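[1] I would like to see how this sequence folds:
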Amino acid sequence: MTGKSFSTRGDIGQTTTSSTRKKSESVTFRIESKALEKLRREAEQKDISANTLVNKLIKDHINWHTNAAKAGFISVRRPFVSKVIKYLPEEEIISLANYVAKTANKDSLLLMRKEYTLRSALDFLESWIKISEYPYRHEETDNDQNKHSYVIQHDMGIKVSLYLASLYQFLFDELVQNNRIEFDKTENTVAFSIDIGNG
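    Residues are numbered from 1 along each chain as shown. The predicted structure is shown next:
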């Protein structure tokens, strides 16, 4: 089986919101030629370097794939979710979100992020959004970077927006008392802002 060497910088911890770069290292891996060719082709299609793509894949693996299955996550097609939830009454959707929040959120966060805080919850949420490949926007709107605003485009209907908004509200209620959040819900998106100064 033939392989080729591929060098990559290890700047997998770099974030788009930080002005400082995380420490990186140069390493060399041997990758099967066919796999490397597919990586290069995908990088070209996404208009990014192969190095950037490899760093993203490694970061996704560390931040999500390593423990996602252990935390109870499975892959389900979007049309299935939107079709099933469409037939549930709103009260049932809110009750379902409450049940998931109370029975799974804390365990998932501790397993995936090793702490149960508002900051770790938002980091976990953003990883899930990226893995799901939902278009989204995340902005830090205060000079002290405590106010965070999110717009998440899921394209699965208003009842999925209701479920996600309810799920996040129940989670945030557990982590920060009296931190009621206004959610903007449409057929395609969920938007909210939250202050993590006390989280």
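[2] CA atoms of the strand or helix carrying residue 112 as PDB?
    Using DSSP states H and E, residue 112 falls within helix 106-113. These are the backbone C-alpha positions of helix 106-113, laid out as PDB (Å, rounded to 0.1, in the frame of the first residue of the first chain):
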ATOM      1  CA  LYS A 106     -25.200  17.600  32.200                       C
ATOM      2  CA  ASP A 107     -23.800  14.100  31.500                       C
ATOM      3  CA  SER A 108     -23.000  15.100  27.900                       C
ATOM      4  CA  LEU A 109     -21.300  18.300  28.900                       C
ATOM      5  CA  LEU A 110     -19.200  16.600  31.600                       C
ATOM      6  CA  LEU A 111     -18.200  13.800  29.200                       C
ATOM      7  CA  MET A 112     -17.400  16.100  26.200                       C
ATOM      8  CA  ARG A 113     -16.000  19.200  28.000                       C
END
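[3] Could you pull out the buried residues of it?
    Of the residues in helix 106-113, those buried under the neighbour-count criterion (16 or more other Cβ atoms under 10 Å) are 108, 109, 112, 113. C-beta here means a position set from N, CA and C on the backbone, and glycine is covered the same way.
[4] didn't the third one look like it was pressed against residue 71?
    Just to be clear, that refers to residue 112. Yes: with contacts defined as Cβ atoms under 8 Å, residue 112 counts as touching residue 71 at a distance of 5.6 Å.
[5] quick one: least confident helix or strand in the protein?
    Lowest mean confidence among the helices and strands of the chain (mean pLDDT, DSSP states H and E): strand 3-9, at a mean of 56.
[6] what packs against the following helix or strand past it?
    Following the chain from strand 3-9 toward its C-terminal end, the next helix or strand by DSSP H and E is strand 26-32. In terms of contacts (3 or more Cβ pairs under 8 Å, 6 or more residues apart in numbering; DSSP states H and E), strand 26-32 is packed against strand 3-9.
[7] Which one of the buried residues of helix 106-113 is nearest to residue 192?
    Set against residue 192, the nearest of the buried residues of helix 106-113 by Cβ to Cβ is residue 109 (18.1 Å).
[8] got a list of what that closest one touches?
    Shown here is residue 109, whose contacts under the criterion Cβ atoms under 8 Å, 6 or more residues apart in numbering are 115, 116, 120, 121, 124.
[9] List the buried residues for the helix ranked longest in the chain?
    What stands out as the longest helix in the chain, according to DSSP state H, is helix 158-175. Residues 159-172, 175 are the ones in helix 158-175 that count as buried (16+ other Cβ under 10 Å).
[10] Run me through the strand neighbours of the next helix or strand after that helix, direction for each.
    From helix 158-175 onward toward the C-terminus, using DSSP H and E, the following helix or strand is strand 183-185. Strand 183-185 has these partner strands in its sheet, going by DSSP bridges: strand 189-195 (antiparallel).
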